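>>> no sequence on this one, just coordinates:
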């Protein structure tokens with residue numbers, strides 16, 4: 001899977017989907033006390049690899065993950081600056097909550113935070129839905145980025 005590049009200096013000031021969804025969904029950074037809850041949820045819904053990166057985000061100040069919460073339940077998340085500095089991902093939304101603006105909202109919050117940190121560009125690592133990123137915030141595929149940073153990743157190490 002290839003990486004994509006987003007020009008943060010072209011990021012819009014507002015995200016209409018986020019403004020609309022905020023009426024029923026809470027978007028925020030998780031609290032340190034919620035680390036095990038979020039990591040367990042990510043592992044269950046998306047796997048160990050993503051859990052590891054979310055875990056690392058709790059070592060940052062502020063925590064470099066945003067979550068979407070509806071009726072006291074996590075329904076989505078986005079992490080940045082975990083695998084590498086200036087990298088966005090992983091990011092996931094429950095299947096039954098997709099296509100409603102949650103992904104775009106979480107992406108916007110993360111990209112905005114990266115812009116505030118002083119980054120001019122953000123790299124979205126190992127993208128799955130490239131069309132989503134290109135149409136949402138004009139992300140561009142990076143030639144030669146597959147397998148990228150995950151080349152040689154340990155996949156099954158006996159303990």
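It's in. Bear in mind that the values here come from a model prediction, so they are computed numbers and not experimental data.
>>> use CA for all of it now, contacts and neighbours both
Fine.
>>> tell me which residues are up against the top helix by length along the chain.
What stands out as the longest helix in the chain, according to DSSP state H, is helix 102-116. With contacts defined as C-alpha atoms under 8 Å, 6 or more residues apart in numbering, helix 102-116 is touched by 8-9, 11, 15, 17-18, 21, 27, 64-68, 76-80, 86, 88, 91-93, 121-122, 136.
>>> just the buried positions in it, please.
For helix 102-116, burial by neighbour count (16 or more other C-alpha atoms under 10 Å) applies to 102-115.
>>> let me see the mean pLDDT of the next helix-or-strand element following that helix.
Using DSSP states H and E, the helix or strand that follows helix 102-116 in sequence is strand 121-124. Summarised as a single mean, pLDDT over strand 121-124 is 98.
>>> distance from the chain centre to strand 121-124, please.
In terms of C-alpha atoms, centre = their mean, to the nearest Å, the centre of strand 121-124 is set 11 Å apart from its chain centre.
>>> between the helix or strand following it and helix 102-116, how big is the angle?
Following strand 121-124 in sequence order, the next helix or strand is helix 130-137 (DSSP H and E). Angle of helix 130-137 versus helix 102-116, following axes from the mean of the first three to the mean of the last three C-alpha atoms, to 10 degrees, is 60 degrees.
>>> how far does helix 130-137 sit from its chain's centre?
14 Å.
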